[in-house]
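Asks: predicted model, plus sequence, below.
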Amino acid sequence: MRKKLIGFVIGLAVLGLFAFIYFNFFEIVDYDAHFAPSREAIMNEYLALDRWLICEGHHIRVENSGNLEALAATTEKNIFIQSELFNWNEAVIDWLDVWIEDGGSLILSLNYYREWNISTPLGAFLDGLGLESFDPEDGPYGAYNWDSNAPSFARNLVFAEPEDAVLILKDENDYIRLVEFQKGEGRIIITGRPLFMRSVTMETEANARLCWYLFANAGDDTSGIFFIRGEKQPEGIMGRFFERGDFSSIIIASLALIIIGFWTAIPVFGVVKNSEEKKGKALAERFLAEGRFLRNFNSLDIYCTSYKREIKRRLIKKDKLSYDEIIGNTDECSRMGKKDFLKSIITLKTILECI
């Protein structure tokens, strides 16, 4: 009993010592853990915007490209279009004019740099609104002065101040980056690349406010938002490689690499032949080449002696015909001519095969 009590006291003392060390030398602190984004977030750089709109009760629909048929089939009252992903023509412009006047809201993201061609349907549409590009002295990028209170506008395009615009938004350099026009009962909002809509920039208050202004009126049951925008390729083992080129060019390059590989490897390693292919001619040529080589160096005696020794060994082992009955008394191999030597070799080969 006394030993158990001593053991209990010792154990309690050890636990007390550990508790003392823990509370005096260790500290629990909070830290931020950073995890890699999900595959869905990598593929869709507007995922935060989509989830936010869905949580607010908005219906969204996304396509990677569009044309007049896609617009004619839409029931949404809000359409977002990336200009480079759409097939523009005069029929599309006529349809958009009527649709906007009836209360539609068009958000147009331009991929132009500095200016556009007014001879194209989209260029004529922008020119009809009185919208012109502006080329500042220090370029469209401007002297970059980051301002957290300004939205994250793209630097590819600067607008000249239009007369009929109902809304003008400028960046931190006082350059116009977004304009809004009223047309009938609808509106047209035009800007450069929509950097402020991406998931990596939606966390700032200025970007969130701008997105709320653009899509806040799309929450009724009969409307929604139709996005025509691109989709980013996921990064991975081959993600960056596919992102920088066309998939068809990769296939063609792979086929060309395979063809070049076979073309260079076959002459080195040879073509695979059927194992049942006849080899008599190649073997005869080999024997003839060996015989000519040995005859030039006066070594036919050793060559013939080796064959005779092998034949004798096999005959004795299998108890067949005697050595003298097959070979007989022949002259030295060195006295043979070329034709006689070849016949002798064929005879010896036949005997070995029979044995």
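Replies: Cool, got the structure.
Asks: element containing Glu40, please.
Replies: With elements delineated by DSSP states H and E, Glu40 resides in helix 39-43, which encompasses its position.
Asks: in that helix, which residues are buried?
Replies: By neighbour count, and taking 16 or more other Cβ atoms under 10 Å as the criterion, the buried residues in helix 39-43 are 41-42. Every residue, glycine included, has its C-beta placed from N, CA and C.
Asks: moving C-terminal of that helix, what's the next helix or strand?
Replies: From helix 39-43 onward toward the C-terminus, using DSSP H and E, the following helix or strand is helix 47-55.
Asks: pull the CA atoms of the next helix or strand after that following helix into PDB?
Replies: On the C-terminal side of helix 47-55, the nearest following helix or strand under DSSP H and E is strand 60-63. Taking C-alpha atoms only, strand 60-63 is exported to PDB below (Å, rounded to 0.1, in the frame of the first residue of the first chain):
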ATOM      1  CA  ILE A  60     -27.300  33.400 -63.800                       C
ATOM      2  CA  ARG A  61     -26.400  31.700 -67.000                       C
ATOM      3  CA  VAL A  62     -22.900  31.500 -68.500                       C
ATOM      4  CA  GLU A  63     -21.700  30.800 -72.100                       C
END
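Asks: buried sites along the following helix or strand past strand 60-63?
Replies: Towards the C-terminus, the helix or strand next in line after strand 60-63, according to DSSP H and E, is helix 68-72. By neighbour count with 16+ other Cβ under 10 Å, helix 68-72 contains the buried residues 68, 70-71.
Asks: what's the closest of those residues to Pro121?
Replies: Distances from Pro121 to these, taken as Cβ to Cβ, are shortest for Leu68 (11.1 Å).
Asks: my guess is that closest one contacts Ile93. True?
Replies: No - Leu68 is beyond contact range of Ile93, at 9.9 Å (criterion: Cβ atoms under 8 Å).
Asks: strands of this structure, start to end?
Replies: Residue ranges of the strands in the chain, as given by DSSP state E, are 60-63, 78-82, 105-109, 167-170, 176-183, 186-191, 225-228.
Asks: would TSV of those strands with mean pLDDT be doable?
Replies: What follows is the strands of the chain, written out as TSV (pLDDT from 0 to 100):
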stretch	mean pLDDT
strand 60-63	89
strand 78-82	92
strand 105-109	92
strand 167-170	88
strand 176-183	90
strand 186-191	91
strand 225-228	90
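Asks: quick one, which of those strands is nearest to Thr305?
Replies: Smallest distance to Thr305 across these (Cβ to Cβ): 88.2 Å, for strand 60-63.
Asks: quick one: residues in contact with that closest one.
Replies: When contacts are defined by Cβ atoms under 8 Å, 6 or more residues apart in numbering, strand 60-63 is touched by residues 50, 53-54, 70, 74, 76, 224-229.
Asks: filter the residues you listed down to the buried ones, PyMOL style.
Replies: Buried members of the contacts of strand 60-63, defined by 16+ other Cβ under 10 Å, are picked up in PyMOL with:
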select buried, resi 50+53+70+74+76+224+225+226+227+228+229
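Asks: would you turn the contacts of strand 60-63 into a markdown table with distance to Leu108?
Replies: Below are the contacts of strand 60-63 laid out as a markdown table (distance: Cβ to Cβ, whole Å):
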| residue | distance to Leu108 |
| --- | --- |
| Asp50 | 19 |
| Leu53 | 19 |
| Ile54 | 23 |
| Ala70 | 15 |
| Thr74 | 15 |
| Glu76 | 15 |
| Gly224 | 18 |
| Ile225 | 14 |
| Phe226 | 13 |
| Phe227 | 12 |
| Ile228 | 10 |
| Arg229 | 12 |
